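Asks: need a 3D model of the following:
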Amino acid sequence: MNPKRMLAVTVPVILAPILYGLAVYNRLPATMAIHWGIDSQPNGWAPRPLVVFGLPVLMAVFQAVVLLVPRGKQAAPRFERVVDWLMPLLTVILYITTIQIGLGQRLDVWRIATLLIAVMFLAMGNYLPTVPADYSRRVLQPRRPLPKPALRWLGRAMVLSGLLLLVSLFLHPLVSVAVLAATVLALLVLPLIIK
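Replies: Numbers count the residues shown, from 1 in each chain. Reported below is the predicted structural model:
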């Protein structure tokens, strides 16, 4: 889909949760938690108007940047479709979670965030091997394209990480942190060793 058309479809999805925030606005505290540690305890706060209105608007701006950065001639339609819908999905789920916590609901933010990251890794890892080499030159590594075997291994690493993150939901939060650290390391090292 044309990036401008995709923007016209996804930005309303990103901004739609504001209606929910407006519906419960007077029941929300003046200062709301917006960041949590791995123990699901808040460690960052923002004023209510910034949470209710500012966060979705900020996510819409990020979405515009993602969609309007030139993508060049080589396309990776399936991978791009996943990337195009990440911000709307994350925004809706995390916004509703934030509002619910502001209303006094006890939610396990660590599990919600870990689940979202796992789904993101599974989706992106599944389609990463379909990305043309020239696409990776523009997006992933400006100096040289990633060869197809590297893209396949990166995709496998992301899928495996997504599966391990799903398993980690039933374990101590530090297991998720270890999986994420190993994933970052693998994503940095694999392109250097696979030719």
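Asks: which residues touch L190?
Replies: Neighbouring residues of L190 by C-beta atoms under 8 Å, 6 or more residues apart in numbering: A150, W153, L154, A157. From N, CA and C alone the C-beta is placed, and that goes for glycine too.
Asks: what about the spatially closest residue to the last one that is not a sequence neighbour, distance to A23?
Replies: Sequence neighbours aside, A186 is the residue nearest to A157 in space, at 4.5 Å (criterion: C-beta to C-beta, 6 or more residues apart in numbering). Using C-beta to C-beta, to the nearest Å, A186 is found at 43 Å from A23.
Asks: so for the two, which residue has more residues nearby?
Replies: Neighbours per residue (other C-beta atoms under 10 Å) separate A186 from A23, with A186 holding more: 17 against 10.
Asks: I'd say the more buried one and G155 touch.
Replies: No: the criterion here is C-beta atoms under 8 Å, and A186 misses it with G155 at 11.5 Å.
Asks: quick one: which of the contacts of L190 is nearest V65?
Replies: Distances from V65 to the contacts of L190, taken as C-beta to C-beta, are shortest for L154 (23.0 Å).
Asks: and the pLDDT for that closest one?
Replies: Note on L154: pLDDT of 88.
Asks: tally of neighbours for it?
Replies: L154 has 23 neighbours, counted by other C-beta under 10 Å.
Asks: now do A150
Replies: Around A150 there are 22 other residues, counting by other C-beta under 10 Å.
Asks: and Q100, by the same measure?
Replies: As a burial measure, Q100 scores 14 neighbours (other C-beta under 10 Å).
Asks: host element of it?
Replies: Secondary-structure assignment from DSSP states H and E places Q100 in helix 77-102.
Asks: now the strands for the chain?
Replies: Shown for the chain, the strands assigned by DSSP state E span residues 31-36, 42-47.
Asks: remind me what the first one packs against, helices and strands.
Replies: Just to be clear, that refers to strand 31-36. Other helices and strands packing on strand 31-36, by 3 or more C-beta pairs under 8 Å, 6 or more residues apart in numbering; DSSP states H and E, are strand 42-47, helix 77-102, helix 109-127.
Asks: where does this protein dip in pLDDT?
Replies: For the chain, applying pLDDT under 70 flags the ranges 70-74, 133-145, 195.
Asks: let's see 90
Replies: Low-confidence segments of the chain, defined by pLDDT under 90: 1-4, 36-42, 66-83, 127-154, 186-195.
Asks: so who does the residue of it most remote from its centre touch?
Replies: No residue in the chain sits farther from the centre than N26, which is 29.4 Å out by C-alpha atoms, centre = their mean. By C-beta under 8 Å, 6+ apart, no residues touch N26.
Asks: also L166?
Replies: Going by C-beta under 8 Å, 6+ apart, L166 touches L115, A118.
Asks: how about a cut-off of 6 Å?
Replies: By C-beta atoms under 6 Å, 6 or more residues apart in numbering, the contact list for L166 reads A118.
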